[in-house]
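Visitor: Would you be able to build a 3D model of this:
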Amino acid sequence: MKKIRHQFKMYLKMFQASIKSLAEYRVDFFVGLVSQIFYELIQIIFVIIVFQNTETIHGWNFYEVLLLCGLLNVAMGYVDFFFEEMYEVGPHYMKDGTFDILLLRPIHPLISIMANSRSLTSLGNILLGLFLCGYSLFHLHISITLSTILFLLFITFIGGMIMGAIITLLCVSSFWVWDSNEIMWSSFQLHRFAQYPLTIYNSIIKFILIVVTPFAFVSFFPASFLLGRDYGTLSFIAPIVALLFWVITIKMWNWGMKFYKSSGS
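Guide: Just a heads-up that it's a prediction; the model follows:
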């Protein structure tokens, strides 16, 4: 436990230093923030187009699907904020030999990498997602009480941690493939399936979204709980899913490090 506290304190100190360095690039921050919001709005426009041709998707109306999108966007904001640096592990840390430096530090290399994530433009995802959640709940005539707000904040953070564990697990491929971004990006795009009700997919897709890459715990189950639908209570095991996936991820990461070979640069 003492070792874990030490690692966590070191992570916070490194993360604070990383965030402070962003103060030198304020224009980049605002441009990135606007760009991020615009990109996500394109995804919402696609949902609007879909509902111009139908009133419901397997019993889910426009505002209910919009709630799914909102939950997913907030969680994605956390992923971009805390885990963006994972995309640099293969092409930067492994290929350029920077990973050697991390091995000399008195903390776990994974913590060093995570502490360098500092994408404040992820606030665009979080703000847009919270707006979509509030907008959809208002039109669905669901009272936005303190307990509802606390549930949203808690479940979206847990959702972000689940997605963070998934992207970090995919990052383990960097120990063998330096250009691992394509593997990570293409596999992680499965999260787009979570923009729509789980019930529209076949059993194979459902299994993937619940067990293999549990994106269903990020949007579908929490939304079902807020809407009083079936399977909503499964959202309460999301913290267990997050913890389990992080245990698997850390074990896989430590296993992958055994195969690391310096680039020699």
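Visitor: what's N202 sitting at in phi/psi?
Guide: Main-chain torsions, N202, degrees, to the nearest 10: phi -80, psi 180.
Visitor: And it, how far from L209?
Guide: To L209, N202 is 11 Å away according to Cβ to Cβ, to the nearest Å. C-beta: built from backbone N, CA, C; applies to glycine.
Visitor: neighbour-wise, which of those two wins?
Guide: Neighbours around N202 and L209, counted as other Cβ atoms under 10 Å, are more numerous at L209. The numbers are 22 against 7.
Visitor: So, low pLDDT: which residues of this structure?
Guide: Applying pLDDT under 70 to the predicted model, the residue ranges of the chain that meet it are 1-33, 35-36, 117-121, 263-265.
Visitor: quick one, strands of it?
Guide: According to DSSP state E, the chain carries its strands in the segments 56-57, 60-61.
Visitor: Which of those sits closest to V247?
Guide: Relative to V247, the nearest member of the strands of the chain by Cβ to Cβ is strand 60-61, separated by 33.2 Å.
Visitor: which other residues reach the closest one?
Guide: Residues outside strand 60-61 that contact it (Cβ atoms under 8 Å, 6 or more residues apart in numbering): 51, 55, 68, 196-197.
Visitor: Would you mind listing the two of the residues you listed that lie farthest apart?
Guide: Farthest apart among the contacts of strand 60-61 - using Cβ to Cβ - are E55 and L68, which lie 16.5 Å from each other.
Visitor: neighbour count winner among these two?
Guide: In this comparison of E55 against L68, neighbours counted by other Cβ under 10 Å, the higher total goes to L68 at 25 against 7.
Visitor: Which parts of the chain are helices?
Guide: With DSSP state H as the definition, the chain shows helices at residue ranges 2-20, 26-50, 62-83, 99-104, 109-115, 123-139, 146-171, 181-188, 203-207, 220-227, 238-257.
Visitor: how much does the longest one deviate in direction from helix 220-227?
Guide: Our comparison of helix 146-171 with helix 220-227, counting by axes from the mean of the first three to the mean of the last three Cα atoms, to 10 degrees, yields an angle of 170 degrees.
Visitor: Quick check: which helices or strands does helix 146-171 pack against?
Guide: Applying 3 or more Cβ pairs under 8 Å, 6 or more residues apart in numbering; DSSP states H and E, we find helix 146-171 packed against helix 62-83, helix 123-139, helix 181-188, helix 220-227, helix 238-257.
Visitor: For G90, find the nearest of these.
Guide: Closest to G90 of the helices and strands packed on helix 146-171, according to Cβ to Cβ: helix 181-188, at 6.4 Å.
Visitor: Put the alpha carbons of the closest one into CSV.
Guide: This file holds the C-alpha atoms of helix 181-188, laid out as CSV (Å, rounded to 0.1, in the frame of the first residue of the first chain):
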residue,chain,number,x,y,z
ASN,A,181,-1.2,3.6,-33.4
GLU,A,182,-3.2,2.0,-36.2
ILE,A,183,-3.8,-1.1,-34.1
MET,A,184,-4.9,1.0,-31.2
TRP,A,185,-7.0,3.5,-33.2
SER,A,186,-8.8,0.9,-35.3
SER,A,187,-9.6,-1.3,-32.3
PHE,A,188,-10.7,1.5,-30.1
